[in-house]
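Trainee: Dropping the sequence and predicted coords here.
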Amino acid sequence: MKLKSLVFALSAATIIAGNAFAQAPILIKFSHVVANDTPKGKAAERFKELAEKATKGRVKIEVYPNSTLYKDKEELEALQLGAVQMLAPSLAKFGPLGVKEFEVFDLPYIFPNKEVLYRVTEGPIGKDLFKKLEPKGITGLAYWDNGFKVMSANKPLHVPADFRGLKMRIQSSKVLDAQMRALGANPQVLAFSEVYQALQTGVVDGTENPPSNLYTQKMHEVQKHVTVSDHGYLGYAVIVNKKFWDGLPPDIRTALEGAMKDATKYANAIAQQENDSALAAVQKTGKTTIYRLNDKEKVEWRKALAPVQAQMADRIGKDLIAAVNKEAAALGQK
């Protein structure tokens, strides 16, 4: 009798433990390299909130900002290995991964405004680009905006000649390398987490970033001049490990897709506002001069950078570049 009671008790405990295990939330580690108070950082937190609510706690999102888990060069490999499930890398990161078509986003002055940009990211071009990630074990979920970039240095940057000989930090991108060389600068590839110290110690002379990144990383403290050039775009792709994503229960995946859609609307809505606020905050410190290009200077910048599209055509794809330019032309922008 005692033996039967023991067996019954053990069986009951096993069932309880099994139920507890079955009900354990699915963990998604979401790693990124910028601060929490940037558009991407805020959007990641919004997604966490929406996803956990939409799945009624069946999914738990852990957000790791500011390169606390992985730096730029490490995070994509970590995702492919399954060490993290979700990232939001800048679009320039996919070139070194072998998907060179994403470098179309790095081309200087290819997006005259956000309307053209969204026609690309939300249309067939954006969807086709995501399909190219699947053979790498990656599923693309959304494009998050972070706005147009400014240039910064410890000297005024008003015309292309001002860049001559400067060591300018870039992300690992052949297009950005060509862009800086077209301006007469010497491009230096550095991880985002290393940029402040490199600027502070003179390892590099300047960099390019949307204002929100410049401000939240305190780069303005070690850069005396910022030029609002809007020469290039910085956006992110929210991506997941494909095997993990495909293995989720369909209802969970649907709920997460809905949460991502709402988080994307939020991310894109706040990007411009955050950049405008960051630029105002930089100006308020009095440590950095903010300069806006006049019409004549804009023409000089565009002329200097125009050859980059032709130089990168074979790498990125002539048809893809033409398709993006066609979207701009459809809106009467080029």
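Mentor: Happy to help now that I have it.
Trainee: At which residues are the strands of the stretch 51-200 of the chain located?
Mentor: 59-64, 86-87, 138-148, 150-153, 167-170, 186-189 (DSSP state E, counting those that start in this stretch).
Trainee: can you list those strands in JSON lines and add mean pLDDT and distance to V226?
Mentor: In this view, the C-beta of every residue, glycine as well, is placed from N, C-alpha and C. Listed next are the strands of the stretch 51-200 of the chain as JSON lines, based on pLDDT from 0 to 100; distance: least, CB to CB, whole Å:
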{"stretch": "strand 59-64", "mean pLDDT": "97", "distance to V226": "29"}
{"stretch": "strand 86-87", "mean pLDDT": "98", "distance to V226": "28"}
{"stretch": "strand 138-148", "mean pLDDT": "96", "distance to V226": "13"}
{"stretch": "strand 150-153", "mean pLDDT": "98", "distance to V226": "5"}
{"stretch": "strand 167-170", "mean pLDDT": "98", "distance to V226": "14"}
{"stretch": "strand 186-189", "mean pLDDT": "98", "distance to V226": "19"}
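Trainee: Nearest to E101 among the ones you listed would be which one?
Mentor: strand 138-148 (12.3 Å; CB to CB).
Trainee: Just checking the distance from the closest one to the centre of its chain.
Mentor: Computed by CA atoms, centre = their mean, to the nearest Å, the separation of strand 138-148 from the middle of its chain amounts to 6 Å.
Trainee: who does it touch, helix- and strand-wise?
Mentor: Here strand 138-148 touches helix 39-54, helix 114-121, helix 124-131, helix 211-216, strand 233-241, helix 242-246, helix 250-285, going by 3 or more CB pairs under 8 Å, 6 or more residues apart in numbering; DSSP states H and E.
Trainee: Dump these into CSV; add distance to P108, mean pLDDT and mean neighbour count as well.
Mentor: Rendered in CSV, the data for the helices and strands packed on strand 138-148 read as follows (distance: least, CB to CB, whole Å; pLDDT from 0 to 100; neighbours: other CB atoms under 10 Å):
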stretch, distance to P108, mean pLDDT, mean neighbour count
helix 39-54, 22, 96, 21
helix 114-121, 14, 95, 19
helix 124-131, 18, 97, 15
helix 211-216, 18, 93, 26
strand 233-241, 9, 96, 23
helix 242-246, 32, 98, 15
helix 250-285, 18, 95, 17
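Trainee: just to revisit the earlier point, looking at the strands of the stretch 51-200 of the chain, which is closest to G235?
Mentor: strand 138-148 (5.5 Å).
Trainee: got the CA positions of the closest one in CSV?
Mentor: Extracted C-alpha coordinates of strand 138-148, given in CSV (Å, rounded to 0.1, in the frame of the first residue of the first chain):
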residue,chain,number,x,y,z
ILE,A,138,17.6,34.5,-40.9
THR,A,139,14.0,35.7,-41.2
GLY,A,140,13.4,39.4,-41.6
LEU,A,141,10.4,40.8,-39.7
ALA,A,142,10.4,44.6,-40.1
TYR,A,143,12.4,47.7,-41.1
TRP,A,144,12.8,50.2,-38.4
ASP,A,145,13.7,53.8,-39.3
ASN,A,146,16.4,55.8,-37.6
GLY,A,147,16.6,58.7,-40.0
PHE,A,148,19.1,60.6,-42.1
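Trainee: follow-up on the earlier one: between the helices and strands packed on strand 138-148, which gets nearest to A92?
Mentor: The closest of those to A92 is strand 233-241. By CB to CB, the value is 8.1 Å.
Trainee: Which strands and helices lie in contact with the closest one?
Mentor: The contact analysis (3+ CB pairs under 8 Å, 6+ apart) places strand 233-241 against helix 72-81, strand 86-87, helix 114-121, strand 138-148.
Trainee: Point out the most buried one among the ones you listed.
Mentor: Of all those, strand 86-87 carries the top mean neighbour count, a mean of 26, counting by mean count of other CB atoms under 10 Å.
Trainee: strand partners of that strand, parallel vs antiparallel please.
Mentor: Next to strand 86-87 in the sheet, as set by DSSP bridges, lie strand 26-31 (parallel), strand 233-241 (antiparallel).
Trainee: hmm, back to that, same list, the strands of the stretch 51-200 of the chain, but as CSV with distance to D276 please.
Mentor: As requested, the strands of the stretch 51-200 of the chain are exported to CSV (distance: least, CB to CB, whole Å):
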stretch, distance to D276
strand 59-64, 25
strand 86-87, 27
strand 138-148, 9
strand 150-153, 12
strand 167-170, 24
strand 186-189, 28
